[in-house]
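Participant: got a sequence here, can you model it:
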Amino acid sequence: MEIKLDFETYLFLSPQKIAISVYDKPNLKKLYYKEVININEKKDFKFEIVDDFLEKNIFEIEKKLKNFIEHINLIIESIEFLTIQISVKKNNYGKKISKDNLIYLLNEAKDECKETISDRRITHMLIDNYFIDKKNYSFLPIDQKCDFLSLDIRFVCLSKNYIRDIEKILKKYQISINNILQTDYIRSFQKENQNDLFLIAMKIIEGYNKNEVLIVPKESKNKGFFERFFNFFN
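Facilitator: The predicted structure follows:
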């Protein structure tokens, strides 16, 4: 059946709309798109509608592409998201800012966040500000020496129950979740001439926002924890 393709699959979920889109990744070409709108005028979400939508589309996609969908990226608009802001600080004793300094602060912030969100999963970890010796920076000044370094970090978290309900549906089609992205976060990168949320999501997943910490599972063979965030140290 399979003709090897390098493609990405995206599923958009909101109370008012469900959409699925598949892209030829190297060429950014849309291979498939279907949507259903005006699902529910209320803010609650009907998971059975998602199941019905996927049943009508997954096998059609696989037949068209002659490939199985194994992973999917979720773009979610939901009141189940929670945003938490945390500031962490470290004395750097006049030394250059190092990878170890940042990992220490990021882990401290992540652990502090997890103490607050036992029923939620971190979907985005964003550094909003670097405060270095009483000066604010939007991006990290590489190799700068400083006495004090602090980070203002924003965590976007999603209900674990919501995620489990989606995972349960996807499991019926032997599909696992690759990434979860908040719709409002993606839209913050929209420009007047760029309205395709799926293409923006693809750029974000590839590391478009240099101030997003892409949390990679420790068991990953390809990338270590936080490793993709620190490519500029290489």
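Participant: so what pairs up with the residue most central in space within the chain in the strands?
Facilitator: With distances taken as Cα atoms, centre = their mean, residue 181 lies nearest the centre of the chain, 4.0 Å away. As for beta bridges, residue 181 partners with residue 75 under DSSP bridges.
Participant: same question for residue 37.
Facilitator: Per DSSP bridges, the residues bridged to residue 37 are residue 17.
Participant: begin at 46 from here
Facilitator: That works, and once the first residue is 46, the last one we named lands at residue 82.
Participant: my read: it touches residue 61, true?
Facilitator: Yes - with contact defined as Cβ atoms under 8 Å, residue 82 counts as touching residue 61 (6.5 Å). In short, each C-beta sits where N, CA and C put it, glycine included.
Participant: more neighbours: which of these two?
Facilitator: Neighbours were counted for residue 82 and for residue 61 using other Cβ atoms under 10 Å; residue 61 has more, 13 against 9.
Participant: pull out the buried positions in the helix or strand hosting residue 139.
Facilitator: Using DSSP states H and E, residue 139 sits within strand 126-141. Within strand 126-141, the residues that qualify as buried are 126, 129, 131, 133, 135, 137, counting by 16 or more other Cβ atoms under 10 Å.
Participant: ok, now stretch 147-156?
Facilitator: Of the residues in stretch 147-156, 147, 150-151, 153-155 count as buried by neighbour count, 16+ other Cβ under 10 Å.
Participant: I'd like to know how far residue 101 sits from residue 95.
Facilitator: 11 Å (Cβ to Cβ, to the nearest Å).
Participant: tell me the angle whichever strand or helix holds residue 203 makes with strand 126-141.
Facilitator: If you go by DSSP H and E, residue 203 is part of strand 190-204. If you take axes from the mean of the first three to the mean of the last three Cα atoms, to 10 degrees, strand 190-204 sits at 160 degrees to strand 126-141.
Participant: thought residue 222 was touching residue 208?
Facilitator: Yes - counting by Cβ under 8 Å, residue 222 touches residue 208, with 7.4 Å between them.
Participant: who has more neighbours, those two?
Facilitator: The residue with more neighbours, out of residue 222 and residue 208, is residue 208; 18 against 14, by other Cβ under 10 Å.
Participant: pLDDT score for the more buried one?
Facilitator: Residue 208 is assigned a pLDDT of 95 by the prediction.
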